[in-house]
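Participant: need a 3D model of the following:
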Amino acid sequence: MGWIGGNLESIRSLQTKQALTQAVNLGLVVTSALILWRGLMCVTGTESPVVVVLSGSMEPGFQRGDILFLHMNQDPIRAGEIVVFNVDGKDIPIVHRVIEVHERQDTGEVDVLTKGDNNEEDDRLLYPYGQLWLQKHHITGRAIGT
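Facilitator: Prediction:
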């Protein structure tokens with residue numbers, strides 16, 4: 001019985017060591033992923049350097065499930081660019097094309113109007129009630145590749 005008890009104790013010890021090793025390895029993987037994500041955020045200038053297309057509103061250019069790589073810089077936004085934006089009150093980013101750019105003469109700020117390529121109407125129905133344009137703070141990135 002002493003021999004069996006000793007073997008059971010060594011098996012328990014081994015299982016504990018393996019569990020701790022696996023926990024440390026998982027922690028290293030998660031930490032590495034977070035460091036990589038933060039690095040991408042710094043390089044691309046956007047909080048979300050990678051997004052997934054969730055709807056068919058940009059077909060045939062982008063299909064549902066496509067992965068887009070984003071970048072954000074200080075260059076002016078132009079009509080025809082594909083941007084990712086968030087609207088107030090909604091957490092899901094939207095990927096659509098800029099169809100019109102409006103520069104305010106008094107402040108020099110630029111407002112944009114967007115539309116999905118596969119949609120018949122512009123995105124004003126997606127914006128909060130009374131909002132007709134997106135401002136720069138709504139735009140989280142510009143699509144630079146899929």
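
Participant: run a quick neighbour tally on the spatially closest residue to Gln63 that is not a sequence neighbour.
Facilitator: Among residues not flanking Gln63 along the chain, Val53 sits closest, at 6.8 Å (Cβ to Cβ, 6 or more residues apart in numbering). All C-beta atoms are positioned from the backbone trio N, CA, C, and that covers glycine. Using other Cβ atoms under 10 Å, Val53 is surrounded by 22 other residues.

Participant: repeat for the one 5 residues further on
Facilitator: For Met58, the number of neighbouring residues by other Cβ under 10 Å comes to 23.

Participant: list phi and psi for Ala19.
Facilitator: With angles defined as degrees, to the nearest 10, Ala19 sits at phi -60, psi -40.

Participant: now do it against Trp133, distance only.
Facilitator: Distance of Ala19 to Trp133, computed by Cβ to Cβ, to the nearest Å: 55 Å.

Participant: higher neighbour count, those two?
Facilitator: Between Ala19 and Trp133, Trp133 has the larger neighbour count (other Cβ under 10 Å), namely 17 against 10.

Participant: doesn't Thr114 make contact with the more buried one?
Facilitator: No: here Trp133 lies out of contact with Thr114, judged by Cβ atoms under 8 Å, at a distance of 9.4 Å.

Participant: and the helix or strand in which Leu28 is found, what does it pack onto?
Facilitator: Assigning secondary structure by DSSP states H and E places Leu28 in helix 2-44. Under the contact criterion of 3 or more Cβ pairs under 8 Å, 6 or more residues apart in numbering; DSSP states H and E, helix 2-44 touches strand 67-71.

Participant: I would like the residues contacting the helix or strand following the strand it packs on, please.
Facilitator: Downstream of strand 67-71, the next assigned helix or strand under DSSP H and E is strand 82-85. The contact list for strand 82-85, computed with Cβ atoms under 8 Å, 6 or more residues apart in numbering, reads 48, 51, 58, 61-62, 68, 70, 77, 93-98, 112, 114, 134, 138-143.

Participant: how about 10 Å then?
Facilitator: Residues outside strand 82-85 that contact it (Cβ atoms under 10 Å, 6 or more residues apart in numbering): 46, 48, 51, 53, 58, 61-62, 68, 70, 72, 77, 93-98, 112, 114, 117, 123, 126-127, 134-144, 146.
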